[in-house]
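Asks: Predicted model, plus sequence, below.
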Amino acid sequence: MDEKENPSVPNGIAEGTASRRSRSLRLILLAALIAIVVAVGGVMLLVNILERKQEARNPFYRVVELTDDTEDPAVWGKNFPMQYDGYLRTVDQVRTRYGGSEAVPRTPTQADPRSLVTQSKLEEDPRLKTIWAGYAFSKDFREERGHAFMLDDQTFTERQQVAKQPGTCLNCHASVYVTYKKLGNGDIFAGFEKLNQMPYFDARETVTHPVACIDCHDSSTMQLRVTRPAFMEGIRALKESQGIKDYDVNKQATRQEMRAYVCGQCHDEYHFKGSEKRLVYPWSKGLKVDDIMAFYDEAKFKDWVHADTGAEVLKAQHPEFEMWNQGIHARSGVACADCHMPYKREGALKISDHHVRSLLLNINRACRRVISGLKKN
Amino acid sequence: MSLRTIQGILLGVSIGLAVGIGGYTFIYAKGYSYLTNDPAACANCHIMSEHYAGWVKSSHRAVAVCNDCHTPPGFIAKYATKASNGFWHSYGFTTGRFPEPLQITPRNLEVAELACRKCHQEIVEAIEGTHEGAKQLSCIRCHKSVGHLE
């Protein structure tokens, strides 16, 4: 569309037409440019909408059938890869300003093949050796680390060598739900009683995994559920002290309560009752320290006799559930999982972070979602 | 073919493409649904799935839809709010630039607070504004689960 197309036009007119034509050409080019931008923008938006729609489709793929006997978390992980990925990350050892676990290298031995452990609390604070004199904890007590290590750290601690431990310990150091069922022929309470009475290393043979999916989730609905008889009994005793008879945690607890109760299955103070070493949570008078003390006084229970003074002593083990219950978070209905397993978004999915860890390593998700909301109000 | 004709054709093709792509995008993204009162429209984008699911199970599911609480009364005010929120929500969702967890804006909070009073004014009259200089009470600070918990 230039001058060559019109060779017959006289010169003067040709010049005028040419300038008009080049102006039109520029206009067309400009219009084309705008059209390109609009078209690209429009198609980009269309594709973006398509992507978002794809994200929303199929929240999960069922590739394996899970049953009430599927113990291996890797099998569950095939259906729930994102949750499983977080679960696997509990091997992380990160120190925070106020605590946390630090990976300390050690030379593996025949008896203890661990090449990484955590810092020894006995070395950090040597007074503990005196305070716990006569108790196995005075021999070996290290900073706790992630769920992934719970079974190994208990199997190989030096405490196993200085004292004979019962199978009861495994209630909270391994995935025992399927073991209960096997030992009790389907009855978890029968299995629980059998496991308690076995010597530790015999019982150790019956378990494979640290805490696994099945310990907190129903395999068919993924609903949270309590699998530990000790917690079922403990919470029933507690509710009875509050005037609620025959409390069945798996039927009567709300979803939000369950988000704390499944953690409370293990993160609490306990004792091994009688010669059958039954795991019992001392809650029948309440959860406060004085209530628990009164329970132990009445039961005439002691953890050990102090080697230096001869005093009968109790050691609170890890009463996180009890302490949480005294605080503002429990009063406000904030459960363990709200902060230790905060929600996160992956694609279209909102999942709870199964990388259970310190809040201080995840402050934005764990705390700010609640605290910044409070400030605005 | 004269230049004018060519220009006309090009213009026509451009407008056609714009309307075609734009119109298809509008229909594909269910743009028309935003002109309705249907709560499902608000969950067209999956980011609202939890809120929608929460509303389905909430105490207000039978008496109030999204628009009853999240838009002010009056046709113009309602559609102005829908347009403004619609634009910023689409912008945020498309670009992925939005705060997580989601936070209600002060203006939208005000709209929601007023919405409570649309129906419950008679009940709350007695507890509102009884103290001089006191701030207006917030309904949803305590009753945050009535619409949707998440």
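Replies: Sure thing, it's come through. Quick caveat: nothing in here was measured; it's all calculated off a predicted structure.
Asks: from what I can see A:Asp246 touches A:Glu233, true?
Replies: No - contact criterion Cβ atoms under 8 Å: A:Asp246 and A:Glu233 do not qualify, at 11.9 Å. Every residue, glycine included, has its C-beta placed from N, CA and C.
Asks: ok, those two, which is more surrounded?
Replies: A:Glu233 (19 against 8; other Cβ atoms under 10 Å in any protein chain shown).
Asks: could you give me the average pLDDT of the helix or strand encompassing the more buried one?
Replies: A:Glu233 belongs to helix A:229-241 when elements are defined using DSSP states H and E. Taken as a whole, helix A:229-241 has a mean pLDDT of 95.
Asks: which parts of that helix are buried?
Replies: A:229-239 (16 or more other Cβ atoms under 10 Å in any protein chain shown).
Asks: neighbours of A:Ser120, just the number please.
Replies: Neighbour tally, A:Ser120, other Cβ under 10 Å: 15.
Asks: check contacts around residue 104.
Replies: Going with chain A. A:Val104 sits next to A:116-120 when contact means Cβ atoms under 8 Å, 6 or more residues apart in numbering or on different chains.
Asks: nope, chain B please
Replies: By Cβ under 8 Å, 6+ apart, the contact set of B:Ile104 is B:Ala112.
Asks: For it, grab phi and psi.
Replies: phi -70, psi 140 (degrees, to the nearest 10).
Asks: same deal with B:Glu100?
Replies: Dihedral angles (degrees, to the nearest 10) for B:Glu100: phi -120, psi 130.
Asks: Any idea how many residues pack against the residue lying closest to it once chain neighbours are set aside?
Replies: Spatially, and ignoring its direct neighbours in sequence, B:Glu100 is nearest to A:Arg345 (6.1 Å; Cβ to Cβ, 6 or more residues apart in numbering or on different chains). Close neighbours of A:Arg345, defined as other Cβ under 10 Å, add up to 13.
Asks: residues in chain B within reach of chain A, list them.
Replies: Counting by Cβ under 8 Å from any Cβ of the partner chain, chain B comes close to chain A at B:3, B:6-7, B:10-11, B:14, B:17-18, B:21-22, B:24-25, B:28-29, B:45-47, B:49-50, B:93-94, B:100-101, B:103, B:106, B:109, B:138, B:141.
Asks: Could you count how many residues lie near the residue nearest to A:Gly333 when sequence neighbours are not counted?
Replies: Closest residue to A:Gly333 apart from its sequence neighbours, by Cβ to Cβ, 6+ apart: A:Gln256 at 6.1 Å. Neighbouring residues of A:Gln256 were enumerated by other Cβ under 10 Å; the total is 15.
Asks: Got the phi and psi for the closest residue to A:Lys315 other than its chain neighbours?
Replies: Leaving aside its sequence neighbours, A:Lys315 sits nearest to A:Asp303 (Cβ to Cβ, 6+ apart; 4.9 Å). Main-chain dihedrals, A:Asp303, degrees, to the nearest 10: phi -80, psi -40.
Asks: tell me the domain boundaries of the chain?
Replies: This is for chain A. A:3-56, A:73-376 (automatic domain parsing).
Asks: that's the wrong chain, I meant chain B
Replies: If you go by automatic domain parsing, chain B breaks into B:1-35, B:39-150.
Asks: ok, longest helix in chain A?
Replies: The longest helix of chain A (DSSP state H) is helix A:11-56.
Asks: If you count contacts, what does it end up packed against?
Replies: helix B:3-28, helix B:75-95 (3 or more Cβ pairs under 8 Å, 6 or more residues apart in numbering or on different chains; DSSP states H and E).
Asks: about what we covered before: please report the number of neighbouring residues for the residue nearest to A:Lys315.
Replies: 17.
Asks: same thing with B:Asp68?
Replies: The number of residues near B:Asp68, taken as other Cβ under 10 Å, comes to 16.
Asks: In terms of helices and strands, where is it?
Replies: B:Asp68 belongs to helix B:66-70, assigned by DSSP H and E.
Asks: I'd like the mean pLDDT over stretch A:106-120, please.
Replies: pLDDT averaged over stretch A:106-120 gives 90.
Asks: same question, stretch A:66-83
Replies: 94.
Asks: Kindly report the same for stretch A:91-98.
Replies: 82.
Asks: Can you give me the buried ones in that stretch?
Replies: So, applying 16+ other Cβ under 10 Å, buried residues of stretch A:91-98: A:Gln93.
Asks: Also stretch A:335-348?
Replies: A:335-344, A:348.
Asks: that older thread, just checking, what packs against the helix or strand just after the longest helix of chain A?
Replies: Downstream of helix A:11-56, the next assigned helix or strand under DSSP H and E is helix A:73-79. Here helix A:73-79 is seen to pack against helix A:81-88 when contacts are counted using 3+ Cβ pairs under 8 Å, 6+ apart.
Asks: from the middle of its chain, how far away would the helix it packs on be?
Replies: In terms of Cα atoms, centre = their mean, to the nearest Å, the centre of helix A:81-88 is found 10 Å from the chain centre.
Asks: Neighbouring strands of the helix or strand just after that helix in the sheet, and parallel or not?
Replies: Using DSSP H and E, the helix or strand that follows helix A:81-88 in sequence is strand A:104-105. Paired neighbours of strand A:104-105 in the sheet (DSSP bridges): strand A:116-117 (antiparallel).
Asks: Can you check what angle separates the helix or strand that B:Gln121 is a member of from helix B:75-95?
Replies: For B:Gln121, the host element (DSSP H and E) is helix B:106-124. Comparing the axes of helix B:106-124 and helix B:75-95 via axes from the mean of the first three to the mean of the last three Cα atoms, to 10 degrees yields an angle of 130 degrees.
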